[in-house]
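[1] got a sequence here, can you build the structure:
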Amino acid sequence: MTQDVDDAEERTEGVAGVLDAIEEAVGQARAMPMSSSVLVNRAELLELVDQVRAALPDQLHRADEVLADADAARSAAQAEADAVLARARARAAELVEQESVVTAAQERAAQIVAEAQETAHALRRDADDYCDRRLADFEIDLGKVLSQVQAGRAKLAGRLAPGES
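    Reported below is the predicted structural model:
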């Protein structure tokens, strides 16, 4: 039994892997005679459920890290844009007599700020899309598990109903 759990841990990676292991354990479970029910190893399945619970915070932490990286990149781009803008303003002050140079510097600084903001927005959007995809995958997996549990409970309720033999 512990060898089965060790094997399950080796082939699982994250929530999806643990859910695959649960599905495999149920799929390979011994069938009850004249029934669609199966016998599963309670300890093995409970261990796999514990692994899902343990993996969820890790995956959510990774999603937070992706968002933090996007925020850091946006901050770095904003700092770079601020530095370029400050340099452009200093240079423009030196060239006040030449209006065309001042205008060009202001336009370039505005362009750099706009590009930095666009880059930061794209990074945040990509991070949000990634997190949404991961959460959608997890939602689908949990929906499948919930459907299987509900179907199992319905079958059990049917067998336990009065008048059934």
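[2] give me the element Ser35 is part of.
    Using DSSP states H and E, Ser35 sits in no helix or strand.
[3] and the pLDDT for it?
    Among the per-residue scores, Ser35 holds a pLDDT of 81.
[4] would you mind measuring from it to Gln117?
    63 Å (CB to CB, to the nearest Å). The C-beta positions use only the backbone N, C-alpha and C, and glycine is treated the same way.
[5] in terms of secondary structure, what does the helix or strand containing Arg159 contact?
    Counting by DSSP H and E, the element that carries Arg159 is helix 99-160. Where contact means 3 or more CB pairs under 8 Å, 6 or more residues apart in numbering; DSSP states H and E, helix 99-160 is packed against helix 14-27, helix 42-94.
[6] most packed of the ones you listed?
    helix 14-27 (a mean of 18; mean count of other CB atoms under 10 Å).
[7] and that helix with helix 42-94, angle?
    When axes from the mean of the first three to the mean of the last three CA atoms, to 10 degrees is applied, the directions of helix 14-27 and helix 42-94 differ by 160 degrees.
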